[in-house]
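K.L.:
what follows is a predicted protein model with its sequence.
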Amino acid sequence: MLKNYLLTPGPTPIPPRVLETMARPIIHHRTPEFQKVIQEVEEDLKYVYQTKNEVLIFAASGTGAMEGSVINLLSPGDKALVVRGGKFGERFGEICKAYGVEFIPLDVVCGKAVDPKKRDEALKIDKKIKAVYVTLCETSTGVSTDVEAIAKIVKNYEAALVVDAISGLAAIPIKTDEWGVDVVVSGSQKGLMIPPGLAFVSVSAKAWGLIEKSTLPKYYFDFKAYRKAIAKTDTPFTPAVNLMIGLREALKIIREEGLEVIFERHKKMASAVRSSVKAMGLELFAPEAYSDGVTAVKVPQGIDGEKLVKTMRDKYGVGIAGGQDEMKGKMFRIATMGYITPSDLIVCIATLETVLSEMGYKFQLGSGVKALEETLK
Ligand SMILES: *Cc1c(COP(=O)(O)O)cnc(C)c1O
């Protein structure tokens, strides 16, 4: 018999209160009852996004909104600047490529964050560049980007700043309006504590200006159609009704706790994970630019990283994530976002110790849990 724990950076666990609301019989979406759901969700999303801009909601995974933020802002002949430091930064480039948009990559070493003050990482924004794409929390490397600093630079140009906050929203700070971020992309299955299937974007006045001029082909992800609908508390297509109902409850939980308290909690838990793996003699993949939403750890010499993740899951029921692409087998990632609590972390670190020890890694058994407890208390 196994009891399952999920500490992956999406999907993340779902609070029972949210699960219960989604299990209720479905309702029709063109009704006053569902309009109330839209209204409440919209209002609370603005709170989480820290914005007065409209937040558009799509039935899609997060990538749908990423694609939307390319095809709605740009036109053939426009250029994009894409900061790439991992799998998700690369994805913006792939989307540009799919639509024939020329993009200038700004490549950052994996495990490090872009530093716009460095000469070779400066944002070179010419007239043709209409959008700058950045990842708030690069989930594949556990890196957090200084979006505030980047926003200060992009503000001076016609280009819009688009931030992928899919795994950052409701976990680490993103002050959409205060920092001046034009488009913030997010998804449902990370910090927002509901299943995959919803994607979001907030859109600033500056971004709407570009959208008005954009001529790239679009249909399902046409932002204008969503804006028109939301103005009437409606959706252009059939919404993911039960996910929306779950989201309403999840957002209530977020409001009850309060964003600032949530950010502090994530900070403390991620800091506890970092000290625990270090106490075990392990190395962080992003020792400086770490994110408080997910911690990436290097697999020690001589240990099979894929087997480590698999054994934790199949023998002990503890789900963590491995490395992706070229980091496969060389990294594991422990999430601290959404409905992941200190007790989950205690189970996770104790299991990590057990499995590493079974696999022959030499360290002081209990050192990780001890450091975790000391940081959490
Ligand atoms: C999970 C994630 C995505 C992809 O979202 P999907 O829901 O899988 O489409 C994109 N960017 C970041 C930073 C993510 O963490």
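P.N.:
It's in.

K.L.:
show the backbone phi and psi for the residue nearest to residue 46 when sequence neighbours are not counted.
P.N.:
Nearest residue to residue 46, sequence neighbours excluded (Cβ to Cβ, 6 or more residues apart in numbering): residue 55, at 6.0 Å. Any C-beta I mention is one placed from the backbone N, CA and C, and that applies to glycine too. Main-chain dihedrals, residue 55, degrees, to the nearest 10: phi -110, psi 120.

K.L.:
repeat that for residue 212.
P.N.:
Dihedral angles (degrees, to the nearest 10) for residue 212: phi -60, psi -30.

K.L.:
next one: it, what pLDDT does it get?
P.N.:
Reported pLDDT at residue 212 in the predicted model: 98.

K.L.:
quick check: mean pLDDT of the top helix by length along the chain?
P.N.:
Using DSSP state H, we find that the single longest helix of the chain is helix 259-279. For helix 259-279, mean pLDDT is 98.

K.L.:
got a list of contacts for stretch 229-240?
P.N.:
Contacts with stretch 229-240, where a contact means Cβ atoms under 8 Å, 6 or more residues apart in numbering, come from 29-30, 34-35, 38-39, 42, 54, 56-57, 59, 197-198, 220, 222, 225-226, 228.

K.L.:
again, only this time at 10 Å
P.N.:
The contact list for stretch 229-240 (Cβ atoms under 10 Å, 6 or more residues apart in numbering) reads 28-30, 32, 34-39, 41-42, 54-60, 188, 194-199, 220, 222, 224-228, 241, 244, 246-247.

K.L.:
so which of those are also by the ligand?
P.N.:
residue 196 (Cβ under 6 Å from any ligand atom).

K.L.:
which ones among the contacts of stretch 229-240 lie within helices?
P.N.:
32, 34-39, 41-42, 224-228, 241, 244, 246-247.

K.L.:
filter those down to the buried ones, PyMOL style.
P.N.:
Buried members of these, defined by 16 or more other Cβ atoms under 10 Å, are picked up in PyMOL with:
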select buried, resi 34+37+38+41+42+225+226+241+244+246+247
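
K.L.:
poorly predicted segments of the stretch 1-150 of the chain, please.
P.N.:
In the predicted model of the stretch 1-150 of the chain, no residue satisfies pLDDT under 70.

K.L.:
and the strands in it?
P.N.:
5-6, 55-59, 79-84, 102-107, 129-135, 137-138, 143-144 (DSSP state E, counting those that start in this stretch).

K.L.:
residues from this protein in reach of the ligand?
P.N.:
10, 61-63, 88, 135, 137, 139, 164, 166-167, 187, 190, 196.

K.L.:
for those, give me JSON lines that also has distance to residue 316 and neighbour count.
P.N.:
Output for those, formatted as JSON lines (distance: Cβ to Cβ, whole Å; neighbours: other Cβ atoms under 10 Å):
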{"residue": "10", "distance to residue 316": "21", "neighbour count": "23"}
{"residue": "61", "distance to residue 316": "28", "neighbour count": "17"}
{"residue": "62", "distance to residue 316": "29", "neighbour count": "26"}
{"residue": "63", "distance to residue 316": "31", "neighbour count": "17"}
{"residue": "88", "distance to residue 316": "29", "neighbour count": "23"}
{"residue": "135", "distance to residue 316": "31", "neighbour count": "35"}
{"residue": "137", "distance to residue 316": "27", "neighbour count": "31"}
{"residue": "139", "distance to residue 316": "23", "neighbour count": "28"}
{"residue": "164", "distance to residue 316": "32", "neighbour count": "30"}
{"residue": "166", "distance to residue 316": "28", "neighbour count": "29"}
{"residue": "167", "distance to residue 316": "24", "neighbour count": "31"}
{"residue": "187", "distance to residue 316": "28", "neighbour count": "28"}
{"residue": "190", "distance to residue 316": "23", "neighbour count": "29"}
{"residue": "196", "distance to residue 316": "24", "neighbour count": "16"}
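
K.L.:
return the member of the residues you listed nearest to residue 268.
P.N.:
Closest to residue 268 out of these is residue 137 (16.8 Å), distances taken as Cβ to Cβ.

K.L.:
I'd say that closest one and residue 292 touch.
P.N.:
Yes. Counting by Cβ atoms under 10 Å, residue 137 touches residue 292, with 8.5 Å between them.

K.L.:
so which of the strands of the stretch 1-150 of the chain comes closest to residue 322?
P.N.:
strand 5-6 (14.2 Å).

K.L.:
elements contacting the closest one?
P.N.:
Packing partners of strand 5-6 (3 or more Cβ pairs under 10 Å, 6 or more residues apart in numbering; DSSP states H and E): helix 305-316, strand 318-319, helix 342-358.

K.L.:
any idea of the angle the longest helix of the chain forms with helix 342-358?
P.N.:
20 degrees (axes from the mean of the first three to the mean of the last three Cα atoms, to 10 degrees).

K.L.:
quick one: contacts of the next helix or strand after helix 259-279?
P.N.:
As assigned by DSSP states H and E, the chain's next helix or strand after helix 259-279 is strand 283-284. If you take Cβ under 10 Å, 6+ apart as the criterion, strand 283-284 is touched by 111, 142, 273-274, 277-278, 290, 295-300.

K.L.:
ok, strand 283-284: who's next to it in the sheet?
P.N.:
Each strand that pairs with strand 283-284, with its direction, by DSSP bridges: strand 294-298 (antiparallel).

K.L.:
and the partner strand, what's its mean pLDDT?
P.N.:
98.

K.L.:
returning to what we had before: now do the same contact list for the residue nearest to residue 46.
P.N.:
Residue 55 sits next to 41-46, 48-49, 176, 184, 186, 200-203, 226, 230 when contact means Cβ under 10 Å, 6+ apart.
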